[in-house]
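Peer 1: using only what follows, build the 3D model:
(one chain, ligands or ions: 1)
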Amino acid sequence: MPNKSQKKQQSKQKGNRIKLHPQSRGFKHKHKHRTKQLRDNINNLTKPHLTPTTDMSEWNDINLPSELLLALREMNFSSPTPIQRMSIPPATACHNVIGAAETGSGKTLAFGIPVLTGILQRSNDDNICTENERVVMDTEDKVEGDEMGCLGWVDDIPDAEFERMLSDTSMPSNSLQITPPHNTQVTKPLQALILTPTRELCLQICSHLRSAAIHTSISVVALVGGLSISKQTRLLSRHPEIVASTPGRYLQLLEEGNKYCQELSHLSYLVIDEVDRMLTEGHFANINLIFDRIASLAGTSQSHGPQVLLFSATVPSYFLNLKKHERDEPDGVRKLKRYLSRKKTDVINLTRKNVLVEKLREHRLMVESSNKLYYLYYLLLRKGKVLVFSNSIASLRQLYGILTTLSLNILIVHSGMQQKQRLQNLEKFNSSEHAILLASDMTSRGIDFTDVSDVIHYHVPATVQLYVHRCGRTARTSVKGGSSLLLVAPEESRRYNTICRDLNKAAGIPNAEISLNEVYRYKDAVQLAIKLNKHENSYRKQTKDESWKKKANINLHGEYDMTSSEEDTPPTRQDRFVLREGKERLRNLLTSINKEDTAIRCYRDGLKTVSTLLTAGEKVKPATDIPYLPLIREKHRRL
Ligand SMILES: Nc1ncnc2c1ncn2[C@@H]1O[C@H](COP(=O)(O)OP(=O)(O)OP(=O)(O)O)[C@@H](O)[C@H]1O
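Peer 2: Numbers count the residues shown, from 1 in each chain. Predicted coordinates:
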């Protein structure tokens, strides 16, 4: 077995991301090497042979620093997206910006590029960061892959070594002097704070900005709940220029007295992504506290205080028209508007009339709620990368159990899961070509999935904004298109009508042509899976209870108490038999359907995805399960 230092050596040889003590690494040499590398990279911008296909002239009007242009070139972003083209110039000219653009339109860089540009300019102009500090940051802060590309690298540095790196001032004369010279400002206060509603989105933004800042010395740190706060505190002790955070974790660090989080007097940018979500109940109280702190530090001076950048695909009308005050404005919106009025504020609204992406193909199915599962199973038999949204965690868990019993390979993500498991499942889904992810609305905003072919709404979402954001997980910039299928039960028709009204869809969403007869071919199998799943859950619960009781009794009395009451009876052989026999029956049933069934054949041969089925109208038989469609249309017309 290799010991610890051998392991380090091995991973270093593999190009891994272990950091060693500055003295042992020859920081000076490394820095020189890095600076040369950066200079070469920038020079190479003009050498077409490196990436001959990427013409970056479309960015010329925006006048970006060469370090950023190089990174964009490496990402193959040859031209700015419309929202980037419109919002980067005013934001770099120190205006507040409120940006609304469809999902997947590149809003992260629309605020990220001005923030990075501003910080680069300041570091050149103001000498906020001394040359020596920059050297340390440059050498230490390069971050490579981990869970969602953001945090794991800190694991590689042993704690003691990490502390020594931060506190060691007794360097030999031939190593870099990190003690700053007199009369230079040594503290590097926080310059940009980006607030996002979910942890996953926060990590994604952090990773995206790091890629854009790869050729600069700017460091970006993500602060999120569910992951070690002490690691995040250590990251903050390195004074990153940009912090992306969920409001709850930032507030927690503020309350715990973290000096870096408290020092907001030099904050130049406050970004609120998914602003409509952030100002609604649940987040607003925290945002308000953070904002109050920033506003109080800014005082009343026009020139003080950070520039504010607010972005979403669904910016509420009270932000699109700043002069208009609406009755339904959430608490504190006026306060934020007053703050915005201190600087020039540009409102950039690029959303289309019905807000959704043009490339999206929308359908809906009117189904009895008791039949939804049959439809879902039928659809999931097809190939594709399918994202299924449900309104509750309980129903997600139930669907997961049943669909897994039906031998489908399913991933699941919701807020009731461990953070690491959530990230792992998202990563797995994202990197697969064909996969099914059951998700709660935690995943509906901002997550940049690649090539999702279909979004299925198992329940009608509670708001039109949720519908837009769920649909936005497909048909993003990098893909040709995608489909959304809304399953509407009679009791959900009111919500469905509201969505249609808010999206100006007078004729409603087009109906998907899937016949109930076709779907009912799986009825027996699905019903059996429901029963088996129920049985298995209670069997598992009993087994779990038993082992828990055993442990509890052993702990309390030193030995297991064999006397148990009637209802405590452990699962019997009979239970196990029923379960085994049921599974066998289900297997046989599926095999027999499999032999003749076209859908499964299509799935196996990869011929049909959900979208092709929906758009091609594979079944010509009269559609839908429910005869109350005209009623809904009628109702809708009246609205
Ligand atoms: N200039 C560009 N050219 C090509 N692709 C880009 C460009 N800018 C960003 N992208 C890519 O577009 C995708 C979507 O970007 P981003 O996640 O920022 O969208 P968004 O507008 O924030 O979406 P959402 O509203 O769902 O949060 C990302 O994969 C990103 O890398």
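
Peer 1: so which residue of the stretch 151-300 of the chain comes closest to the ligand?
Peer 2: Per C-beta to the nearest ligand atom, His208 is where the stretch 151-300 of the chain lies closest to the ligand, at 6.4 Å. C-betas here are computed from N, CA, C, even on glycine.

Peer 1: tell me who's in contact with that residue.
Peer 2: His208 sits next to 108-109, 112, 448 when contact means C-beta atoms under 8 Å, 6 or more residues apart in numbering.

Peer 1: and the gap between the residue nearest to Ser407 when sequence neighbours are not counted and Gln398?
Peer 2: Nearest in space to Ser407, with sequence neighbours left out and distances taken as C-beta to C-beta, 6 or more residues apart in numbering, is Leu590 at 6.5 Å. Leu590 sits 20 Å away from Gln398, taking C-beta to C-beta, to the nearest Å as the criterion.

Peer 1: any idea where the strands of the stretch 101-250 of the chain begin and end?
Peer 2: In the stretch 101-250 of the chain, the segments counted as strands under DSSP state E, counting those that start in this stretch are 192-195, 220-223, 242-245.

Peer 1: can I get those in a markdown table including mean pLDDT, mean neighbour count and distance to Ser57?
Peer 2: Shown next, in a markdown table, are the strands of the stretch 101-250 of the chain (pLDDT from 0 to 100; neighbours: other C-beta atoms under 10 Å; distance: least, C-beta to C-beta, whole Å):
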| stretch | mean pLDDT | mean neighbour count | distance to Ser57 |
| --- | --- | --- | --- |
| strand 192-195 | 97 | 24 | 28 |
| strand 220-223 | 96 | 27 | 28 |
| strand 242-245 | 97 | 27 | 28 |
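
Peer 1: can you give me the buried ones in stretch 215-231?
Peer 2: For stretch 215-231, the neighbour count (16 or more other C-beta atoms under 10 Å) marks 215-224, 226-227, 229 as buried.

Peer 1: number of residues surrounding Ser432?
Peer 2: Neighbours of Ser432 under the rule other C-beta atoms under 10 Å: 15.

Peer 1: likewise for Thr351?
Peer 2: The local packing of Thr351 (other C-beta under 10 Å) involves 19 other residues.

Peer 1: and it, its phi and psi?
Peer 2: phi -80, psi 140 (degrees, to the nearest 10).

Peer 1: that older thread, which one (most neighbours) among the contacts of His208?
Peer 2: Gly112 (27 neighbours).

Peer 1: tell me who's in contact with the closest residue to it other than its chain neighbours.
Peer 2: Setting aside the residues directly before and after it, Gly112 is nearest to Leu209 in space (C-beta to C-beta, 6+ apart), at 4.9 Å. Applying C-beta under 8 Å, 6+ apart to Leu209 gives the contacts 108, 112, 115-116, 220, 242, 244.

Peer 1: let's go with 10 Å and repeat that
Peer 2: 108-109, 111-113, 115-116, 192, 194, 218-220, 222, 242, 244 (C-beta atoms under 10 Å, 6 or more residues apart in numbering).

Peer 1: filter the residues you listed by proximity to the ligand?
Peer 2: 108-109 (C-beta under 6 Å from any ligand atom).

Peer 1: mind picking the two most distant members of the contacts of Leu209?
Peer 2: Longest distance between any two of the contacts of Leu209 is 18.6 Å, between Ile113 and Ala222; criterion C-beta to C-beta.

Peer 1: output stretch 67-80 as PDB, nothing but the C-alphas.
Peer 2: What follows is stretch 67-80 as a C-alpha-only set of coordinates in PDB (Å, rounded to 0.1, in the frame of the first residue of the first chain):
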ATOM      1  CA  GLU A  67      -7.800  37.000 -20.900                       C
ATOM      2  CA  LEU A  68     -11.600  36.700 -21.100                       C
ATOM      3  CA  LEU A  69     -11.600  36.600 -24.800                       C
ATOM      4  CA  LEU A  70      -9.200  33.800 -24.800                       C
ATOM      5  CA  ALA A  71     -11.300  31.800 -22.300                       C
ATOM      6  CA  LEU A  72     -14.400  32.400 -24.500                       C
ATOM      7  CA  ARG A  73     -12.500  31.200 -27.500                       C
ATOM      8  CA  GLU A  74     -11.500  28.100 -25.700                       C
ATOM      9  CA  MET A  75     -15.100  27.500 -24.800                       C
ATOM     10  CA  ASN A  76     -16.000  27.900 -28.400                       C
ATOM     11  CA  PHE A  77     -18.300  30.800 -27.800                       C
ATOM     12  CA  SER A  78     -17.600  32.600 -31.000                       C
ATOM     13  CA  SER A  79     -20.300  35.300 -30.600                       C
ATOM     14  CA  PRO A  80     -22.200  36.800 -27.800                       C
END
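
Peer 1: tell me the mean pLDDT for that stretch?
Peer 2: Stretch 67-80 shows a mean pLDDT of 94.

Peer 1: check the gap between Ala222 and Leu380 for me.
Peer 2: In this view, Ala222 and Leu380 are 33 Å apart by C-beta to C-beta.
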